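K.L.:
here is a sequence together with a model predicted from it:
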Amino acid sequence: MKSDLNDSELLRSMLAGDEEALSVLYRRRQGAVYRFALQMSGSKTVAEDVTQEVFLFLMRDGRVFDPAKGSVSAFLLGVARNYVLRRLRVEQQLAPLGDDFDDDVPVLHASTDICPLEDLTRAETIESVRRAVLSLPSKYREVVVLCELQDISYGETAEILGCAIGTVRSRLHRARALLLAKLRPAAEAEDADSATVKSARCFA
Amino acid sequence: MNQRFENDEEMLTRGLQALASEMKDVEAPEHVEVNLLKAFRARQVVVPISTRRRTSRGYWLAAVAAVLLIAMSVVALRWKSTEKPAEALAGREPQKGRVISPRDETPKPVEYQAVVQPAQRSIPKRVRHPRVRSSESAQLASPSEIATDFIPLRYMNVASLQEGGQIVRVEVPRSALANFGLPVNMERSNERVKADVLYGVDGLAHAIRFVK
């Protein structure tokens, strides 16, 4: 069974011409690559293109992968990062947050435990966080996407980005500070609105 | 203040976790996989691994063939260059209608023609210096004649003489010898004396010698 093989073995088989190995490897790793590209670019089109480019690169130049330097997963995300940054440089636009992304917003699962108002608040929170992440400079955005959203360890993130773990930590710290600065005005405005409503009620 | 900061951090962490959980099941559309598999099949058909090895071998074969071709060309050129003088000795006629480029054309020999002199002699092909030595002058003139060296009439460009020229036998008044610093017998100054005038290809007289 191909699914029992690890990523390196699948890659070797794929390079030897095994189509099934490519299929298994793709299904195993495409989600992370696609999500990373989507969270970095905010565009479904870019994310699809990047995913395709990454696996085409693997078919063409997969021999450059060195198991001693890291995992296949980290290798794929590193390639995806390069493609995303190149694409963003070409398009000269960072996460327009237009209709393209709105199509990708996952449908919020209705929960019987959460009341509709809380559900709406949660959706708004997610949307504001997403906007804040997309507005970060790319070097801070990528550490947030990898460490916070993809839940990848600092060590593996350092492999993907090709930098030291300390750099990852400091960038993440700075990125969180920037996110807080971006999200705080919105939260304060919400607080102000609720205070106004309360006082209005009291006044009434 | 510290409490607020902790609250903000907690709020941010919760927001990021919510965003991550919302997107954890997001995957690439199916058509991406379909396109990739198509590309993979096409790639396997176009460039199989065994062919790549052959291509590498073919590269070396092509390189060796190129080196051999260059070596053969060099040998052929050398052989041809050694063959040319032999052909020239054999007196091969030049092909008719062949366009001769200025580089191919051998320099024309300088022809010296004695107009008045009855017996024409073979003339050296090139004049490297306008001043003809006495021994050479003796050869140009008939054996019974004595000639001076060629005396330049003006500033001469030696290169123009190498391209060709003509010697014309003339007669000048004996008094003309004085113009070139030669002694003149005043009693015979009315007589004429023979002289060879050297004309260049530009049609100008470059030198003169007196013949007795």
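P.N.:
Thanks, I have it.

K.L.:
which bits of chain B sit near chain A?
P.N.:
B:8-9, B:11-12, B:14-16, B:18-20, B:22-29, B:32-33, B:35-37, B:39-41, B:43-44, B:48-49 (C-beta under 8 Å from any C-beta of the partner chain). No exception for glycine: its C-beta is placed from N, CA and C like everyone else's.

K.L.:
count the residues that sit near A:V90.
P.N.:
A:V90 is flanked by 8 other residues according to other C-beta atoms under 10 Å in any protein chain shown.

K.L.:
give me the three-state assignment for it.
P.N.:
Counting by DSSP: H, G, I helix; E, B strand; the rest coil, the backbone at A:V90 sits in helix.

K.L.:
strands - which of the residues of chain B next to chain A land there?
P.N.:
Per DSSP state E, strands hold no members of those.

K.L.:
what about chain A, any weak spots by pLDDT?
P.N.:
Residue ranges of chain A with pLDDT under 70: A:1, A:92-120, A:185-204.

K.L.:
can you pull out the helices in it?
P.N.:
Using DSSP state H, the helices of chain A run over A:7-15, A:19-41, A:44-61, A:72-91, A:99-102, A:116-134, A:138-143, A:154-161, A:165-203.

K.L.:
what helices or strands is the first one leaning on?
P.N.:
It stands for helix A:7-15. Helix A:7-15 sits against helix A:19-41, helix A:44-61, helix A:72-91, with contacts defined as 3 or more C-beta pairs under 8 Å, 6 or more residues apart in numbering or on different chains; DSSP states H and E.

K.L.:
ok, the second one next?
P.N.:
Applying 3+ C-beta pairs under 8 Å, 6+ apart, we find helix A:19-41 packed against helix A:7-15, helix A:44-61, helix A:72-91, helix A:138-143, helix B:2-23, helix B:30-46.

K.L.:
and that helix, how far out from the chain middle?
P.N.:
Mean-position distance between helix A:19-41 and its chain equals 12 Å (C-alpha atoms, centre = their mean, to the nearest Å).

K.L.:
mind listing what's buried in it?
P.N.:
If you call a residue buried by 16 or more other C-beta atoms under 10 Å in any protein chain shown, then helix A:19-41 has these buried ones: A:21-26, A:29-41.

K.L.:
just want the angle from it to helix A:154-161.
P.N.:
For helix A:19-41 against helix A:154-161, the angle by axes from the mean of the first three to the mean of the last three C-alpha atoms, to 10 degrees is 90 degrees.

K.L.:
parallel or antiparallel, list what pairs with the helix or strand encompassing B:R169.
P.N.:
Using DSSP states H and E, B:R169 sits in strand B:165-173. When pairing is defined by DSSP bridges, strand B:165-173 lines up against strand B:192-200 (antiparallel).

K.L.:
right, and the helix or strand after the strand it pairs with?
P.N.:
Per DSSP H and E, strand B:192-200 leads on to strand B:205-211 as the next helix or strand towards the C-terminus.

K.L.:
what angle separates that following strand from strand B:165-173?
P.N.:
60 degrees.

K.L.:
burial measure for A:V143, as a count.
P.N.:
Residues within reach of A:V143, counting by other C-beta under 10 Å, total 27.

K.L.:
follow-up on the earlier one: B:G203: which of the helices of chain A is closest?
P.N.:
For B:G203, the closest of the helices of chain A is helix A:72-91, at 73.4 Å, according to C-beta to C-beta.

K.L.:
show me what that closest one is packed against.
P.N.:
helix A:7-15, helix A:19-41, helix A:44-61, helix A:138-143, helix A:154-161.

K.L.:
any part of the fourth one near chain B?
P.N.:
No - contact between helix A:138-143 and chain B, assessed by C-beta under 8 Å from any C-beta, is absent, since the two come no nearer than 11.9 Å.

K.L.:
buried by neighbour count: which residues of that helix qualify?
P.N.:
Those buried within helix A:138-143 under the rule 16+ other C-beta under 10 Å are A:138, A:140-143.

K.L.:
and for stretch A:67-76?
P.N.:
For stretch A:67-76, a neighbour-count test (16+ other C-beta under 10 Å) marks A:70-76 as buried.
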